[in-house]
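1. My questions are about this predicted structure, shown below with the sequence.
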Amino acid sequence: MNEIRDIVRVRQVRQVEEVEEFEEMVDLQLVRQPVVYDRRADHMVVLNPAEFQRTFRFNQPAVYALVTMLYDQLHFPTNRGRPLSVLQQVLVALNHYAGGHFQRTSGLCGGVSQSTVCRVVQRVSWAICQHKAAHLKMPSEEQKQATAARMMQDHQLPRFAFAVDGMMVRFDSAPRDFPDTIGLQDFNCRKNFYALNCQVTIHQVIFCTHLQI
């Protein structure tokens, strides 16, 4: 019995010593380490003009024009939570539009998480839609009715009023008389001919002829 009592006493003493050591550690003045954030890449600086346009499908002046147009919709009034700037939001969204890949991949380009890409793409898409009246010219009701009647008569396509399509507008020859800031290679598309990539709304019979080719 005496040996058991001695063992219990020794354990109690060790526990008391451990508690005292812990209390001393807690009483020590803790030095707060500065928070170090990962720096996001400045694509306007690290990418040359050709790489920039391949990544975002827009050149730098066009991106700055887009940032100016969307500033009121995308600007955060404070820096709480380290928000993305308008330029960073636009670049993340453009990279996602241009690549057609997963949000996680777009996040790697912008230095943000997948969930941030999801929110940014929604915000930028909404902001762009607020300006559609100034840039999208839709056919009138009379034009739609006339086109629908013509398409039904010529091609048996019911209620075909207009369509939106992206296409490469090909040049018959090399472009000329453009500003010195633009190079001839800027018009060379991925199919190795001179063209402009555009998206248009068409409501003429010629569009259906183009579909049949």
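-> On my side now, so go ahead. Residues are numbered from 1 along each chain as shown.
2. what's the pLDDT at the residue most central in space within the chain?
-> What sits nearest the mean C-alpha location of the chain, by Cα atoms, centre = their mean, is A93, with 1.2 Å. Per-residue confidence for A93 comes out at a pLDDT of 92.
3. Skipping adjacent residues, who's closest to it in space?
-> In this structure, A93 finds its nearest non-sequential neighbour in V124, 3.7 Å apart by Cβ to Cβ, 6 or more residues apart in numbering. Where you see a C-beta, it was placed from the backbone N, CA and C, and this is true even at glycine.
4. Just confirm that neighbour contacts L74, I think it does.
-> Yes - V124 sits in contact with L74 when judged by Cβ atoms under 8 Å, with a separation of 6.8 Å.
5. Please enumerate the shared neighbours of the two.
-> Common neighbours of V124 and L74 are listed as 89-90 (criterion: Cβ atoms under 8 Å, 6 or more residues apart in numbering).
6. that older thread, neighbours around the residue nearest to A93, how many?
-> When neighbours are counted by other Cβ atoms under 10 Å, V124 registers 23.
7. same thing with C129?
-> As a burial measure, the neighbour count of C129 was computed by other Cβ under 10 Å and equals 11.
8. so where do the strands sit in this protein?
-> Listed in chain order, the strands of the chain (DSSP state E) span residues 163-170, 195-202.
9. between these, which gets nearest to V120?
-> With Cβ to Cβ as the measure, strand 195-202 is the member of the strands of the chain nearest V120 (21.7 Å).
10. And the helices in this structure?
-> Taking DSSP state H to define them, one finds helices in the chain at 2-27, 43-46, 49-56, 60-74, 86-99, 103-110, 114-129, 132-135, 141-155, 205-212.
11. These into a markdown table, with extra columns for distance to D180?
-> As requested, the helices of the chain are arranged in a markdown table below (distance: least, Cβ to Cβ, whole Å):
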| stretch | distance to D180 |
| --- | --- |
| helix 2-27 | 69 |
| helix 43-46 | 21 |
| helix 49-56 | 14 |
| helix 60-74 | 14 |
| helix 86-99 | 26 |
| helix 103-110 | 30 |
| helix 114-129 | 30 |
| helix 132-135 | 27 |
| helix 141-155 | 40 |
| helix 205-212 | 35 |
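12. Kindly state the pLDDT recorded for I7?
-> pLDDT, I7: 50.
13. do the same with V205
-> Per-residue confidence (pLDDT) for V205: 40.
14. tell me the domain ranges of this protein?
-> The record assigns the chain these domain ranges, following automatic domain parsing: 43-133, 137-212.
15. Now find how far off-centre the longest one is within its chain.
-> Centroid separation for domain 43-133 versus its chain: 4 Å, with Cα atoms, centre = their mean, to the nearest Å.
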